[in-house]
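*Asks:* Requesting a structural model of the entry that follows:
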Amino acid sequence: MTLGIQVSEIKHVLLADRWHEVEPESFALDAYEFMDGDQAVARGDGQLITSVGFMFREPGGQIVAGPLSSILAVQLPRKRG
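*Replies:* Okay, the predicted model is just below:
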């Protein structure tokens, strides 16, 4: 069994500072790298630094990104049933 979190349904993300609102359909997971143009200057190695990161837009366009390990919780919409 898995928890099966649908990334397209994430509404809020809890980081160390507070809950962040997520613009619809903007949450994404991928390899975690810092880039200088097209060149990766630092990337997750899966040991010292997580190799998976996240990125999303807040309302107003601010982009929030970081290692997946910094997410404490996510909020999904309430299921009606």
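*Asks:* Show me where the chain has its strands.
*Replies:* In the chain, the strands defined using DSSP state E lie at 12-14, 19-21, 28-31, 33-36, 39-43, 52-57, 63-67, 73-75.
*Asks:* Can you flag the weakest of these by average pLDDT?
*Replies:* Among the strands of the chain, strand 39-43 has the lowest mean pLDDT, at a mean of 78.
*Asks:* if we look at the sheet, which residues does residue 13 bridge to?
*Replies:* residue 20, residue 74 (DSSP bridges).
*Asks:* Just say which of the strands of the chain is most tucked in.
*Replies:* strand 52-57 (a mean of 18; mean count of other Cβ atoms under 10 Å). For every residue, glycine as well, the C-beta is placed using N, CA and C.
*Asks:* circling back to that earlier point, switch the strands of the chain over to CSV; also include distance to residue 2.
*Replies:* Putting these into CSV (distance: least, Cβ to Cβ, whole Å) gives the following:
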stretch, distance to residue 2
strand 12-14, 19
strand 19-21, 24
strand 28-31, 15
strand 33-36, 26
strand 39-43, 27
strand 52-57, 16
strand 63-67, 21
strand 73-75, 14
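*Asks:* These: which one's closest to residue 1?
*Replies:* The stretch from those with the least distance to residue 1 (Cβ to Cβ) is strand 73-75; that distance is 18.2 Å.
*Asks:* for the closest one, packing partners?
*Replies:* For strand 73-75, the packing partners by 3 or more Cβ pairs under 8 Å, 6 or more residues apart in numbering; DSSP states H and E come out as strand 12-14.
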